[in-house]
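> sequence and predicted structure are below.
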Amino acid sequence: MNANDRPWGPPTQTYDSAFLKACRREPVPHTPVWFMRQAGRSLPEYLKVREGIPMLESCMRPELVTEITLQPVRRHKVDAAIYFSDIVVPLKAIGVDLDIKPGVGPVVADPIRTRADLDRLRDLTPEDVHYVTEAIGMLTAELGETPLIGFAGAPFTLASYLVEGGPSRNHEHTKALMYGDPQLWADLLDRLADITGAFLKVQIEAGASAVQLFDSWVGALAPADYRRSVMPASAKVFREVEKYGVPRIHFGVGTGELLGLMGEAGADVVGVDWRVPLDEAARRVGPGKALQGNLDPAVLFATPEVVEEKAREVLDAAAGLEGHVFNLGHGVLPSMDPDALTRLVDYVHTQTAR
Ligand SMILES: Cc1c2[nH]c(c1CCC(=O)O)Cc1[nH]c(c(CCC(=O)O)c1C)Cc1[nH]c(c(CCC(=O)O)c1C)Cc1[nH]c(c(C)c1CCC(=O)O)C2
């Protein structure tokens, strides 16, 4: 089928990119590379344009979002852009009182722990996030053949911020609710699945070529609890966007024991952190899915020789995969040297050129 004949799917101009080919498990001209949290963080040009503008406000300014999203593409020559935003933006857009505190992360004024609290979470409409549609329109025009990845937080990770009221190491309130009131928990996750699904749809309809569902903190759960209490909601999100035919990436940290289930939830590409080698991850995920990952981000602080050696190990472990998108095992760290990232992109491209 020709790209133009499909009712939906990635924009025609990005269809033959190395990134989308790898996601579809087709032969690639080189292994595609992008980095989680590539936008912002360590880039001086990012710090300059963000000066004096709070994080959440910057996510609502289409020109600024466009500039920040393009910065790592220009600088590093990565194979995909990731939309500059944050996982809490759709929650803010439906009126949740929250802020992103520098050096801390998202902080929620009134945590959600009761049925009455849950009733405050309303559905998301495209008008709530009109600035996303505007920014993606500008971005796809600028990006040309380079695909744009849209993203959202998965129901569990969003619930963790909403229930705890902020970042948490042990997720104690979240687990107390999950184990203590399974019905309220299921209803909360189902509501978040609808919000997340609606947010991803907005991004795809505006021109995103792929989407990533970040379930960053779900590695805190045992597989049986994940299957029972989280997977139905994440699966609902993936079903919501299935008809668009854009690759769906599913990522979490510390999810070695959950990789099979995270694929089963409905992902086309499973993101792997640095704890499980990709050949072993492929065995856990099973056939029919591409993998994304998985260089330990901290390796970027070592010498260039060590970075190449460790990147080589990732490529060797990925040699037999059906499809591989090179990435870090988690996000870019703020103190990272941007030049080390640029060199890494070049290394993967030259080593894998076919
Ligand atoms: C858990 C999570 C959050 N946000 C996100 C996740 C999932 C990804 C992951 O696991 O790392 C997702 C996210 N947040 C941001 C992006 C931008 C796109 C990208 O480059 O990947 C993405 C994909 C921008 C951001 N989101 C945030 C920043 C830093 C804020 C700033 O620059 O002022 C950026 C660039 C803030 C944020 N927001 C969040 C945290 C933990 C923080 C860091 C707090 C800090 O240490 O300052 C919540």
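Received it, and whenever you're ready, just let me know what you need. Residues are numbered from 1 along each chain as shown.

> only C-alpha atoms from now on, for both contacts and neighbour counts.
Noted.

> how about the strands in the chain?
All strands of the chain, identified by DSSP state E, fall at 81-82, 98-101, 105-108, 148-153, 210-214, 248-251, 269-271, 290-295, 324-328.

> could you dump those strands to a markdown table with mean neighbour count, distance to residue 223 and mean pLDDT?
As requested, the strands of the chain are exported to a markdown table (neighbours: other CA atoms under 10 Å; distance: least, CA to CA, whole Å; pLDDT from 0 to 100):
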| stretch | mean neighbour count | distance to residue 223 | mean pLDDT |
| --- | --- | --- | --- |
| strand 81-82 | 26 | 29 | 98 |
| strand 98-101 | 18 | 30 | 97 |
| strand 105-108 | 18 | 27 | 97 |
| strand 148-153 | 25 | 20 | 98 |
| strand 210-214 | 24 | 17 | 98 |
| strand 248-251 | 26 | 15 | 98 |
| strand 269-271 | 29 | 16 | 98 |
| strand 290-295 | 26 | 20 | 98 |
| strand 324-328 | 28 | 24 | 98 |
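
> distance to residue 353 for those - can I get that in JSON lines?
Output for those, formatted as JSON lines (distance: least, CA to CA, whole Å):
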{"stretch": "strand 81-82", "distance to residue 353": "21"}
{"stretch": "strand 98-101", "distance to residue 353": "41"}
{"stretch": "strand 105-108", "distance to residue 353": "39"}
{"stretch": "strand 148-153", "distance to residue 353": "22"}
{"stretch": "strand 210-214", "distance to residue 353": "23"}
{"stretch": "strand 248-251", "distance to residue 353": "24"}
{"stretch": "strand 269-271", "distance to residue 353": "22"}
{"stretch": "strand 290-295", "distance to residue 353": "18"}
{"stretch": "strand 324-328", "distance to residue 353": "14"}
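
> kindly report the residues of the stretch 201-350 of the chain close to the ligand.
214, 216, 331 (CA under 6 Å from any ligand atom).

> could you dump the residues you listed into a markdown table and include distance to residue 140?
Listed next are those as a markdown table, based on distance: CA to CA, whole Å:
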| residue | distance to residue 140 |
| --- | --- |
| 214 | 22 |
| 216 | 27 |
| 331 | 23 |
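
> which member of those residues is positioned nearest residue 31?
residue 331 (19.0 Å; CA to CA).

> burial measure for that closest one, as a count.
Residue 331: 16 surrounding residues under other CA atoms under 10 Å.

> hang on, it packs against residue 38?
Yes - at 7.4 Å, residue 331 counts as touching residue 38 under the criterion of CA atoms under 8 Å.

> for the most centrally placed residue in the chain, list each beta-bridge partner.
In the chain, the residue lying closest to the centroid (CA atoms, centre = their mean) is residue 212, at 3.9 Å. Residue 212 has these beta-bridge partners by DSSP bridges: residue 151, residue 249.

> just use 35 as the starting number from now, easier for me
That works, and once the first residue is 35, the last one we named lands at residue 246.

> for residue 285, see how far away it is.
Distance, residue 246 to residue 285, using CA to CA, to the nearest Å: 7 Å.

> what of residue 155?
Applying CA to CA to residue 155 and residue 285 gives a distance of 25 Å.

> over to residue 77?
24 Å.

> now swap in residue 148 and tell me
Distance, residue 148 to residue 285, by CA to CA: 29 Å.

> what of residue 95?
To residue 285, residue 95 is 27 Å away according to CA to CA.

> got it, and residue 327?
Taking CA to CA, one finds residue 327 at 10 Å from residue 285.

> next: residue 89.
23 Å.

> which residues does stretch 349-360 contact?
53, 56-60, 65-68, 311-313, 316, 321-328, 382 (CA atoms under 8 Å, 6 or more residues apart in numbering).

> sorry, that was for stretch 367-385
Taking CA under 8 Å, 6+ apart as the rule, stretch 367-385 contacts 64-68, 71, 75-77, 109-112, 331, 334-335, 338, 341-342, 345, 360.

> swap in 7 Å and give it another go.
64, 65, 67, 75, 76, 77, 110, 112, 334, 335 (CA atoms under 7 Å, 6 or more residues apart in numbering).

> what sits against the residue in the chain positioned nearest to the ligand?
Closest contact between the chain and the ligand, by CA to the nearest ligand atom, is at residue 71 (2.9 Å). Contact analysis of residue 71 by CA under 7 Å, 6+ apart lists 365, 366.

> distance of it relative to residue 121?
Noted for residue 71: a distance of 12 Å to residue 121, by CA to CA.

> so where's this structure uncertain?
35-41 (pLDDT under 70).

> remind me, longest helix of it?
helix 216-240 (DSSP state H).

> remind me what it packs against, helices and strands.
helix 164-177, strand 182-187, helix 189-198, helix 265-276 (3 or more CA pairs under 7 Å, 6 or more residues apart in numbering; DSSP states H and E).

> try it again at 8 Å.
helix 123-127, helix 164-177, strand 182-187, helix 189-198, helix 206-214, strand 244-248, helix 257-263, helix 265-276 (3 or more CA pairs under 8 Å, 6 or more residues apart in numbering; DSSP states H and E).
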